[in-house]
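1. Show me how the following folds:
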Amino acid sequence: MRKFWSYGPPDTDLHYYAPRENLINQAVTQLVGENPAKGGHYITVWAPRQAGKTWVMRQVAHRIATEYADRFAIHEFSFGVLRGWKYKPPEHQEHLVMPRGLREVFQEVMPGHPQVEDWEDFRALFSVDGGLWDKPLIMFIDEADTLPTPLLNVLTGQFREMYLQRSRNWLHGLALIGVRAALGIESDTGSPFNVQRSIRIPNLTPDEVRYMYHWYERESGQPVAPEVIER
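-> Alright, predicted model coming up:
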């Protein structure tokens, strides 16, 4: 029998879960694009801890990989390994210098483990001329706001340049997943992450809670008092 689960993303084969189809459909549409030939959107996905954002976005990635297998490449990774990283912005260096910790992450999570020494190398990973992919890419970056704000601003600035020059790179759609609505994006040059492209993952609704408890009742044969569900 399934179990209730709150230790990370649930396994749909082992645990009770709320399907959250509307949220998944919304995110798929944003990333693929209303007109895929014109490109998808770059979005932020935000919620408090343990609200289910990682699970939802994994379902989104699976849906796109299944329904658009021949059209898009999918790449997922997390900045969670940088949690607690002590970063001090350089005082006299160019802001485009990539610190060692971030270089190591990119080299570890990218296909083929390419050398990434600076932001120019990073942009080259997505180039239609010699990059890592050979078809439009939809990328998911979890724990995005683990990055210190100055670095997150630089990263989104790089994505903005890529967004404005889409014919030169394969990045079709991008999801930055974190816990803050704006993800600290305060770049002087603006951001491709328009607030209207932000997806909030809300807490479970009363109907979703009832759905899971009724599922449990059917499998276990044990009734759950309505006042328990309401509480």
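
2. Show the subsequent helix or strand relative to the one helix or strand Ala65 maps to.
-> Here Ala65 sits within helix 53-67, counting by DSSP states H and E. Downstream of helix 53-67, the first helix or strand assigned by DSSP H and E is strand 73-78.

3. pLDDT averaged over that following strand - what is it?
-> Across strand 73-78, pLDDT averages out at 96.

4. give me the low-pLDDT residue ranges for this protein?
-> When residues are selected by pLDDT under 70, those of the chain lie in 91-96, 179-196.

5. In it, mark out all the helices, start to finish.
-> 21-32, 53-67, 100-109, 119-124, 149-164, 206-220, 226-230 (DSSP state H).

6. Longest strand in this protein, please.
-> Ranked by number of residues, the top strand in the chain under DSSP state E is strand 171-178.

7. Give me the angle between it and strand 73-78.
-> Following axes from the mean of the first three to the mean of the last three C-alpha atoms, to 10 degrees, one obtains 20 degrees for the angle between strand 171-178 and strand 73-78.

8. before we move on, back to that, can I get the helices of the chain in TSV with mean neighbour count and distance to Trp5?
-> Every C-beta, even on glycine, is put in place using the N, C-alpha and C of the backbone. Output for the helices of the chain, formatted as TSV (neighbours: other C-beta atoms under 10 Å; distance: least, C-beta to C-beta, whole Å):
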stretch	mean neighbour count	distance to Trp5
helix 21-32	18	18
helix 53-67	19	10
helix 100-109	15	26
helix 119-124	17	36
helix 149-164	19	30
helix 206-220	13	10
helix 226-230	10	18
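
9. Of all the ones you listed, which one is nearest Ser198?
-> Evaluated over the helices of the chain, closeness to Ser198 peaks at helix 21-32, with 9.7 Å, by C-beta to C-beta.

10. about what we covered before: quick one: strands adjacent to the longest strand of the chain?
-> strand 42-46 (parallel), strand 137-142 (parallel) (DSSP bridges).

11. what's the closest of the helices of the chain to Gly173?
-> Closest approach to Gly173 among those (C-beta to C-beta): helix 21-32, 3.6 Å.

12. what angle sits between that closest one and strand 171-178?
-> 130 degrees.

13. what angle do helix 21-32 and helix 53-67 make?
-> 60 degrees.

14. quick one: contacts for the nearest residue to Arg103 once chain neighbours are set aside?
-> Closest residue to Arg103 apart from its sequence neighbours, by C-beta to C-beta, 6 or more residues apart in numbering: Val116 at 5.3 Å. Listed by C-beta atoms under 8 Å, 6 or more residues apart in numbering, the contact partners of Val116 are 98, 103, 106-107, 110, 122, 125.
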